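K.L.:
Quick one: sequence plus predicted model below, questions after.
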Amino acid sequence: MKHRNLALASMAGMALLASTALMAAEPVKVGFVYVSPVGDAGWTFQHDLGRKQMEAAMKGAVTTKFIENVPEGADAERIIRQLAQDGNQIIFTTSFGYMNQTEKVSKAFPNATFFHATGYKTGKNFGIYNARFYEGRYLNGVIAGKMTKTNVAGYVAAFPIPEVMQGINAFTRGMKSVNPKAEVRVIWVNSWFDPGKEREAAMTLISQGADMITHHTDSTAVVQAAEEKHKEKGTWSFSYHSDMTKYGPTTQLSGTTHIWGDFYTKVVKQVLDKKWTGTNLWGGLKDGMIKLAPINPAVPADVKKAVEKLEGEIRAGKFHPFAGPVVDQDGKERVAKGKDMTDAEMGAMNYYVQGVASTLPKK
C-alpha cells in the first residue's frame, strides 16, 4: 500500500509539473486600444501593422487582441479595464486622450504592464512612447515651399495639443526655409477621425487658395480632396500616418509615415524577459520610427536631393527642425539663434510660429 501511495503521489506530482509547464507555455495576452477604425490607412492602421509585426515576430509567445473606434473619455477607461480583467498582461493604448484613463487602470492592475502613445505621464508599470513626427513634417514643408504656386498651404488639424502644434509649426518652418513668402492656414476639426469634416475643411482651404494640403487627422479624406481638385486648382497633398498614394496617385507629393512594429516587438520581449525597467521613448528618423512616404516624380530632382540631404542631417543630429531663432506668431523669440529647442519646450508647445496665418482657437 505504501508503495502504491508513493506511486500515486509521484504521478500526481508529475501531473502537476506537466500542468504547470503547460500553463507556463501559454501565450501571453497583449491588448491594444484604438481611437478609430483600423481601415487601410491612417494612425490606427499603422499601429495595427505594428501589432501584426510584433505578433509574427513573437509567434507562439503572445496572442493579441484589439478594440477599435474607442472614444476618448470614460468609455476608454471601461475598455482598458476590461482588457486587464480579461487577462491581458500587456496593454497598449494608442491615443493622447487615453492617458489619464490608462494611468488610473494601471494603478488598479499592478501586475500588468501598460504603454500609452503620445502622452507624458508614467508609472511603475506604465510607460509612454512617441515619435518625432515633426522631423518628417519639416521635410514635407520644404517640398511644399518649393512646389507651391500660390504660396499658401492648408493644414487640417484635429486638436491643439503639443504634438499637433509641432507638426504645424515644423511644416511651416520647412516651407519658409525655402520660400519666405509662404504661409500656412489651419482649420481645426476637433476630431481625430471624421472624414466628412476633414473633407469639408480641405475643400475650404483649397477655396482659399491653398495648393498644398496636409492633415493631422486619421482618414484619407484630405488626400482624396486634393486629388479631386488637382486638375481644377493645381492642388497637391502630403499624407500623414500612412503612405496614401493609392488615394492620391497623382497628387501626393510625399508624406510622413509612422513605424511601430520594432518598438512593439522590443518592449513586449523586455516585459516577457522581465527586463523592462520603464519606457519613455521619443524616436524619430534615426530610430526608424518615422519615414518619408515615397517622393512623387513630379518633385524636381534638385528638390528631392535637397530633402534627402536634410533628412541625412536630421538623422545625424546635425540639423534640428526647431533650431533657433524660433519666433512665434506674435513676434516673441522662443528659441535664440545658435540653440535648438529642447524636448521639454516642444512638449509644451502651445503657439504658432511666424508664417502661420490662422488664429489659435481659444481654450
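P.N.:
Ah, there it is. Numbering: from 1, shown residues only.

K.L.:
Can you list the buried residues in the one helix or strand Arg334 maps to?
P.N.:
In this structure, Arg334 sits in strand 333-335 according to DSSP states H and E. By 16 or more other CB atoms under 10 Å, the buried positions in strand 333-335 come out as Arg334, Val335. Backbone N, C-alpha and C define where each C-beta goes, glycine included.

K.L.:
Now do whichever helix or strand comes after that strand: everything it contacts.
P.N.:
With elements assigned by DSSP H and E, the helix or strand that comes after strand 333-335 is helix 343-347. In this structure, residues lying in contact with helix 343-347 by CB atoms under 8 Å, 6 or more residues apart in numbering are Tyr120, Tyr134, Pro162, Gln166, Trp282, Phe322, Arg334, Val335.

K.L.:
Would you mind writing the CA trace of helix 343-347 as PDB?
P.N.:
Coordinates of each C-alpha in helix 343-347 appear next as PDB, following Å, rounded to 0.1, in the frame of the first residue of the first chain:
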ATOM      1  CA  ASP A 343      12.200  68.300 -25.900                       C
ATOM      2  CA  ALA A 344      10.600  69.900 -22.800                       C
ATOM      3  CA  GLU A 345       9.900  73.100 -24.800                       C
ATOM      4  CA  MET A 346       8.500  71.100 -27.700                       C
ATOM      5  CA  GLY A 347       6.300  69.100 -25.300                       C
END
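
K.L.:
And the strands in this protein?
P.N.:
Secondary structure of the chain by DSSP state E: the strands cover 28-33, 62-67, 90-93, 113-117, 126-131, 152-157, 183-188, 212-216, 236-241, 252-258, 280-283, 290-292, 326-327, 333-335.

K.L.:
Dump those to a markdown table, plus distance to Thr342 and mean pLDDT.
P.N.:
Output for the strands of the chain, formatted as a markdown table (distance: least, CB to CB, whole Å; pLDDT from 0 to 100):
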| stretch | distance to Thr342 | mean pLDDT |
| --- | --- | --- |
| strand 28-33 | 30 | 98 |
| strand 62-67 | 35 | 98 |
| strand 90-93 | 26 | 98 |
| strand 113-117 | 21 | 98 |
| strand 126-131 | 15 | 97 |
| strand 152-157 | 23 | 98 |
| strand 183-188 | 24 | 98 |
| strand 212-216 | 22 | 98 |
| strand 236-241 | 25 | 98 |
| strand 252-258 | 22 | 98 |
| strand 280-283 | 12 | 95 |
| strand 290-292 | 20 | 98 |
| strand 326-327 | 11 | 98 |
| strand 333-335 | 9 | 98 |
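
K.L.:
Packed most tightly, which of those strands would that be?
P.N.:
Each of those was scored by mean neighbour count; the highest is strand 212-216, a mean of 30, by mean count of other CB atoms under 10 Å.

K.L.:
Off-centre distance for it?
P.N.:
Computed by CA atoms, centre = their mean, to the nearest Å, the separation of strand 212-216 from the middle of its chain amounts to 15 Å.

K.L.:
Okay, now the sheet partners of it, with direction.
P.N.:
Strand 212-216 pairs in its sheet with strand 152-157 (parallel), strand 236-241 (parallel), by DSSP bridges.

K.L.:
how close does Lys29 sit to Thr93?
P.N.:
The gap separating Lys29 from Thr93 is 15 Å, by CB to CB, to the nearest Å.

K.L.:
Sorry, wrong one. I was asking about Pro361.
P.N.:
26 Å.

K.L.:
Can you report how many residues lie near Arg137?
P.N.:
27 (other CB atoms under 10 Å).

K.L.:
Phe171 is in contact with that one, correct?
P.N.:
Yes: contact criterion CB atoms under 8 Å: Arg137 and Phe171 qualify, at 4.5 Å.

K.L.:
Show me where this protein has its helices.
P.N.:
Here the chain has its helices, by DSSP state H, at 2-25, 43-57, 74-85, 99-108, 133-147, 162-178, 195-207, 221-233, 261-272, 301-315, 343-347.

K.L.:
out of these, deepest packed?
P.N.:
Ranked by mean neighbours (mean count of other CB under 10 Å), the helices of the chain are led by helix 133-147, with a mean of 26.

K.L.:
What is the end-to-end distance of stretch 121-136?
P.N.:
By CA to CA, to the nearest Å, the extent of stretch 121-136 from end to end equals 25 Å.

K.L.:
Let's see the pLDDT reported for the nearest residue to Asn350 once chain neighbours are set aside.
P.N.:
Closest residue to Asn350 apart from its sequence neighbours, by CB to CB, 6 or more residues apart in numbering: Met165 at 6.5 Å. Turning to Met165, the model gives it a pLDDT of 98.

K.L.:
distance of Met165 from Met175?
P.N.:
From Met165 to Met175 the distance is 16 Å (CB to CB).

K.L.:
now do Ala158
P.N.:
To Met175, Ala158 is 21 Å away according to CB to CB.

K.L.:
cool, and Asn88?
P.N.:
Distance of Asn88 to Met175, given as CB to CB: 43 Å.

K.L.:
Ok, His216 next?
P.N.:
As judged by CB to CB, His216 and Met175 stand 16 Å apart.

K.L.:
For Ala323, grab the count of nearby residues.
P.N.:
Residues lying near Ala323 (other CB under 10 Å) number 14.
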